[in-house]
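K.L.:
The following block contains a protein sequence and its predicted model.
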Amino acid sequence: MPLVEGEDGAAPLRILIVDDSAVARAVMERIVGAASRFAVVGSVATVAGAHDVLARTRVDFVLLDVQLPGVDGLTALPDLIAAGRGARVLVVSSQATEGAATTLQALALGAADTLVKPVAGGRMNVFADQLIDKLVRLSAPAAPAAVSIPSPAPLAPVATPPQPSFDEYDVVAIGASTGGIHALSQVLRAIPNCFRLPILVTQHLPASFMPYFAAQLAVLAGRPCDVASDRLRLRPGRIVIAPGDAHLRCVPLADGSAAIRLSSDAVASGCMPSVDPMFASLAEVFGARMLAVVLSGMGRDGAEGARAVSRAGGCVVVQDQASSVVWGMPGAVAASGCADAILPPDAIGRLVAARQRP
């Protein structure tokens, strides 16, 4: 395996390994140790051990197995992301094959990437090259991170008033990608069951994962959740999510209501589904009476749509950098000047529940 060295003499990136197999840990320690660009600062067998390390040590990457004693890797993933304070999680598991449920769930929960752990007797040199290659690629700064964004003025926590004035907007649209499901769950948990507005969601996930995702959101939100189908009407108290193979758009109906239209047109972001057409079409239908939310995600999807919402007089809120796994999508909106507020997910949820502008 070729040696990977930093060209600027910077300190090596710090890595925590979480795997219940002593052999697997030793193999990954040896691979990472041979690359001077990286350094193992912790190697543990349990999630509890990982939290102990993260409580006293800043790390850049967590290599996480799925099958662990006690709390499994997928269950622990959101909390490890939060405890990692910006560390990226690479799930390394024999279950993380391409298209597998484990792979999709790991990515949905905020893992930066996945890697298949080889079986006993497998080609270790191939695995070593793949591991270092993924770490190198994940180490590259995302383009939006290079944008100079002025620090927003501190915003007071948004509390749900005892008797909120339900008169500010009629629909909520949420866009998210990497790390977005964890943030979305925090948003939805802060919205009471009495909240009756339709909520539309575009999350970057493959089509095969959407039925699972819809079921997951229904449990988290305590309200029905549908995978969007063509001509589906927007209904009070329900969540509608974009399918993985089509954009979710909204069109007005003659009776004053609105419906979903699906499309597969190419969009500037290259994403499928894309947040941009959802935001833009809702802005055309609802104008100033919509709230657009952009959560954690890589890239710039949602920035163009947020501009359309802002031009139409609607409200745009983005997740703050500190709580985001990747501040690409919300950061791009913030950089454009379209964000009316920059808040952590729970505060966004309270703002949604209040139906008032920040």
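P.N.:
Thanks, I have the structure now. In this text the structure is predicted, and so the values were computed from the model without any measurement.

K.L.:
in terms of contact, does Gly244 touch Met272 like I think?
P.N.:
Yes. Taking contacts as C-beta atoms under 8 Å, Gly244 lies within contact range of Met272: 7.5 Å. (Glycine included, C-beta is placed from N, CA and C.)

K.L.:
Now do the contacts for Leu234.
P.N.:
Counting by C-beta atoms under 8 Å, 6 or more residues apart in numbering, Leu234 touches Val171, Pro198, Leu200, Val240, Cys250, Ser257, Ala258, Ala259, Ile260.

K.L.:
per-residue confidence at it?
P.N.:
Listed pLDDT for Leu234 reads 96.

K.L.:
cool, and Pro198?
P.N.:
96.

K.L.:
Ok, Ala156 next?
P.N.:
With respect to pLDDT, Ala156 scores 38.

K.L.:
The one 3 residues further on too?
P.N.:
As summarised for this prediction, Ala159 has a pLDDT of 40.

K.L.:
again, but for the one 4 residues further on
P.N.:
Looking at Gln163, its pLDDT reads 37.

K.L.:
again, but for the one 10 residues further on
P.N.:
Here the pLDDT value assigned to Ala173 is 98.

K.L.:
From the structure, what's the count of residues near the residue nearest to it when sequence neighbours are not counted?
P.N.:
The shortest distance from Ala173 to any residue other than its chain neighbours is 4.6 Å, reached at Leu200 (C-beta to C-beta, 6 or more residues apart in numbering). Around Leu200 there are 26 other residues, counting by other C-beta atoms under 10 Å.

K.L.:
Could you pull up the contacting residues of Leu200?
P.N.:
Neighbour list for Leu200: 171-174, 234, 239-242, 248, 250, 278, 282 [criterion: C-beta under 8 Å, 6+ apart].

K.L.:
For these, please prepare CSV with the additional fields distance to Phe127 and secondary structure.
P.N.:
Putting the contacts of Leu200 into CSV (distance: C-beta to C-beta, whole Å; DSSP: H, G, I helix; E, B strand; the rest coil) gives the following:
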residue, distance to Phe127, secondary structure
Val171, 47, strand
Val172, 44, strand
Ala173, 42, strand
Ile174, 37, strand
Leu234, 48, coil
Ile239, 40, strand
Val240, 41, strand
Ile241, 35, strand
Ala242, 35, coil
Leu248, 39, strand
Cys250, 46, strand
Met278, 39, helix
Leu282, 45, helix
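
K.L.:
Among those, pick out the one closest to Val316, please.
P.N.:
Ala173 (10.0 Å; C-beta to C-beta).

K.L.:
And the closest one, how close does it get to Leu80?
P.N.:
To Leu80, Ala173 is 29 Å away according to C-beta to C-beta, to the nearest Å.

K.L.:
more neighbours, the two?
P.N.:
Shown here are Ala173 and Leu80; by other C-beta under 10 Å, Ala173 has more neighbours (29 against 24).

K.L.:
The more buried one reaches Ala292, doesn't it?
P.N.:
Yes. If you go by C-beta under 8 Å, Ala173 and Ala292 touch, sitting 5.2 Å apart.

K.L.:
anything in contact with each of these two?
P.N.:
What both Ala173 and Ala292 touch, as defined by C-beta under 8 Å, 6+ apart, is the set Phe279, Leu282.

K.L.:
before we move on, back to that, filter the contacts of Leu234 to the buried ones?
P.N.:
Among the contacts of Leu234, those buried by neighbour count (16 or more other C-beta atoms under 10 Å) are Val171, Pro198, Leu200, Val240, Cys250, Ala258, Ile260.

K.L.:
for the stretch 51-200 of the chain, what spans make up the strands?
P.N.:
Using DSSP state E, counting those that start in this stretch, the strands of the stretch 51-200 of the chain run over residues 61-64, 88-93, 113-116, 171-176, 199-203.

K.L.:
Adjacent strands (with direction) for the first one?
P.N.:
Right, strand 61-64. Partners of strand 61-64 in the sheet, by DSSP bridges, are strand 13-18 (parallel), strand 88-93 (parallel).

K.L.:
and the longest helix that the chain contains, average pLDDT?
P.N.:
Determined from DSSP state H, the single longest helix within the chain is helix 124-139. Computed over helix 124-139, the mean pLDDT rounds to 88.

K.L.:
What is that helix packed up against?
P.N.:
strand 13-18, helix 22-33, strand 61-64, strand 88-93, strand 113-116 (3 or more C-beta pairs under 8 Å, 6 or more residues apart in numbering; DSSP states H and E).

K.L.:
Enumerate the positions of it that are buried.
P.N.:
Residues of helix 124-139 classed as buried by neighbour count (16+ other C-beta under 10 Å): Phe127, Ala128, Gln130, Leu131, Ile132, Lys134, Leu135, Leu138.

K.L.:
Repeat that for stretch 50-58.
P.N.:
Residues of stretch 50-58 classed as buried by neighbour count (16+ other C-beta under 10 Å): Ala50, His51, Val53, Leu54.

K.L.:
Determine which two of those are furthest apart.
P.N.:
His51 and Val53 (7.4 Å).

K.L.:
tell me the angle of the helix or strand of the chain with the lowest mean pLDDT relative to strand 199-203?
P.N.:
The helix or strand with the lowest mean pLDDT-type score in the chain, counting by mean pLDDT, DSSP states H and E, is helix 101-108 (a mean of 77). Between helix 101-108 and strand 199-203, the angle comes out at 110 degrees (axes from the mean of the first three to the mean of the last three C-alpha atoms, to 10 degrees).
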